[in-house]
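Participant: 3D, please:
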Amino acid sequence: MAARSILRIALGSTLALAGIAHLTVARKEFQAQVPEWVPLDPDTTVVASGVAEIGLGAALLVARKRRGLVGVIAALFFVAVFPGNVSQWLHERDGFGLDTDTKRFVRLFFQPVLVWAAIWSTRPGSRRRCRAEAAAAAAATQTTAP
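Facilitator: Down below sits the predicted model:
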């Protein structure tokens with residue numbers, strides 16, 4: 001299995017599981033990341049983002065024809081939730097073991113990695129290129145063979 005596929009499956013599975021956690025066992029923890037300026041109730045925001053994460057995770061796992069689009073949407077989702085991570089750091093809110101300013105600050109640097117992973121893991125992989133190159137080589141061999 002190609003590295004892109006492995007990363008896409010890991011990212012999709014993690015998103016789906018995080019979404020389920022939004023709706024169940026970690027609902028209160030996720031509320032620590034909701035910025036004050038969000039016009040919705042923090043619980044409503046957590047539920048909505050959980051539903052979005054489940055949908056994105058599932059789409060990353062099963063979408064084929066629109067995989068690149070799903071990757072871009074997942075990347076945009078990671079960008080959209082980044083202010084929540086900043087808010088958690090700025091307001092010194094504990095959650096998910098992020099109980100120091102340093103831990104909350106270091107976490108901010110992982111969001112760009114998620115954006116990159118969503119886009120890179122959903123790009124067409126080298127398998128297509130290899131097939132195309134093999135087909136071209138086979139065609140060239142057939143036309144030059146005696």
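Participant: which SS class is residue 79?
Facilitator: helix (DSSP: H, G, I helix; E, B strand; the rest coil).
Participant: burial count for it?
Facilitator: Other residues within reach of residue 79, judged by other C-beta atoms under 10 Å, total 14. (C-beta placed from N, C-alpha, C; glycine too.)
Participant: which one is it nearest to, not counting chain neighbours?
Facilitator: residue 115 (6.2 Å; C-beta to C-beta, 6 or more residues apart in numbering).
Participant: ok, that neighbour - how many residues close by?
Facilitator: So residue 115, with other C-beta under 10 Å, has 19 neighbours.
Participant: and what of residue 39?
Facilitator: Neighbour number of residue 39 under other C-beta under 10 Å is 6.
Participant: ok, residue 85 next?
Facilitator: 19.
Participant: so which strand or helix has it?
Facilitator: Residue 85 belongs to helix 67-90 when elements are defined using DSSP states H and E.
Participant: now tell me which helix or strand of the protein has the poorest mean pLDDT.
Facilitator: Least confident helix or strand, the chain: helix 126-144 with a mean of 57, by mean pLDDT, DSSP states H and E.
Participant: sounds good, over and out.
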